[in-house]
Structure formats: structure tokens, C-alpha cells
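here's my sequence, what's the structure:
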Amino acid sequence: MQKILLSGKIHTARLTACMLDYEGSLEIDEDLLDQAEILPYEKILVSNKTNGSRLETYAIPGPRGGRGFCLNGPAARLGNPGDVVTIMAFSVFSEAEANGFKPRVIVLNEENKVTLVKGGSKK
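Below you'll find the model as predicted:
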């Protein structure tokens with residue numbers, strides 16, 4: 001049997017931009033993707049704490065060190081700069097792999113700086 005578990009999470013990120021005229025996705029600072037162990041182009045679930053919306057899309061790498069989070073394409077209608085979002089990636093595990101697994105979770109402050117890192121590495 002296989003289990004789908006949370007594998008990486010970015011908690012309390014602030015959207016820095018929303019661009020309607022783009023193909024789609026959520027652009028995320030590549031340094032933050034690395035820290036959350038979310039791969040570029042990985043499927044993600046985005047939950048907007050500010051307005052209650054949820055969407056599935058994929059992560060695209062943004063400039064390192066910029067601390068940016070930009071909703072693109074139609075998803076841009078589901079948020080505004082300053083909205084607080086949680087970004088979650090999920091992976092498929094065997095029962096043996098799932099047993100005791102701890103996802104990587106990073107928590108950000110109001111400036112999208114990492115204040116807490118929890119969980120183990122997939123590596």
C-alpha cells in the first residue's frame with residue numbers, strides 16, 4: 001500500500017506579487033524552495049489564509065534571495081500582494097517509508113525570512 005504524505009511546507013509566506021498575464025504557477029524564491037525541500041515544477045497546494053481560497057499549481061523557481069512569492073496566470077485572481085499563504089507539497093511513500101517520516105516545514109515572518117525549520121530531510 002502507498003500513502004500520500006505532506007513532504008514539504010512553507011508556512012505564513014506573504015505574496016509579493018500577482019501577475020494575471022502569465023501562463024500559470026507560483027513563483028517562489030529558489031532559496032526558500034531548497035529549504036522547504038520543494039522541487040522546481042513540483043505540484044503544490046496553496047492555501048490563502050487571508051481570503052480562504054485554495055488552489056493547486058506548481059512551483060517555479062524565482063530569483064534567489066529575493067524572498068518573492070508571485071501568483072501567476074488565473075491563480076493571480078485568488079490572491080493579492082500581502083496575503084498570507086501556506087504552500088504544501090505531497091509525496092507518495094510506501095508504508096515502510098511513511099512510518100516515522102517527518103516533513104520539512106519552514107515558517108516565515110512578515111518579511112518572508114525563515115524563522116523556524118522543522119522536520120527531517122528527504123536526502
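
now the spatially most central residue of the chain, nearest residue through space, not along the chain?
Central residue of the chain (Cα atoms, centre = their mean): Ile87, 3.0 Å from the mean position. With sequence-adjacent residues excluded and distances taken as Cβ to Cβ, 6 or more residues apart in numbering, Ile87 is closest to Ile10, at 4.3 Å. C-beta: built from backbone N, CA, C; applies to glycine.

need the three-state assignment for that neighbour.
Here Ile10 takes the strand state, with states given by DSSP: H, G, I helix; E, B strand; the rest coil.

that one is in contact with Leu32, isn't it?
Yes. If you go by Cβ atoms under 8 Å, Ile10 and Leu32 touch, sitting 6.2 Å apart.

in what helix or strand does Thr86 lie?
strand 84-94 (DSSP states H and E).

tell me what that strand is packed against?
Applying 3 or more Cβ pairs under 8 Å, 6 or more residues apart in numbering; DSSP states H and E, we find strand 84-94 packed against strand 2-14, strand 43-48.

so which of the ones you listed gets nearest Asn112?
Nearest to Asn112 among the helices and strands packed on strand 84-94 is strand 2-14 (5.7 Å), distances taken as Cβ to Cβ.

which residues touch Tyr41?
Tyr58, Ala59, Ile60 (Cβ atoms under 8 Å, 6 or more residues apart in numbering).

now do the strands in the protein.
Remark: strands assigned in the chain by DSSP state E are 2-14, 17-19, 25-29, 43-48, 54-62, 69-72, 84-94, 104-108, 114-118.

most tightly packed of the ones you listed?
By mean neighbour count, with neighbours taken as mean count of other Cβ atoms under 10 Å, strand 69-72 ranks first of the strands of the chain at a mean of 24.

what packs against that strand?
strand 17-19, strand 25-29, strand 54-62.

what's next to the last one, contact-wise?
Applying Cβ under 8 Å, 6+ apart, the contact partners of strand 54-62 are 24-30, 33, 38-48, 68-70, 72, 75, 78, 87, 89.
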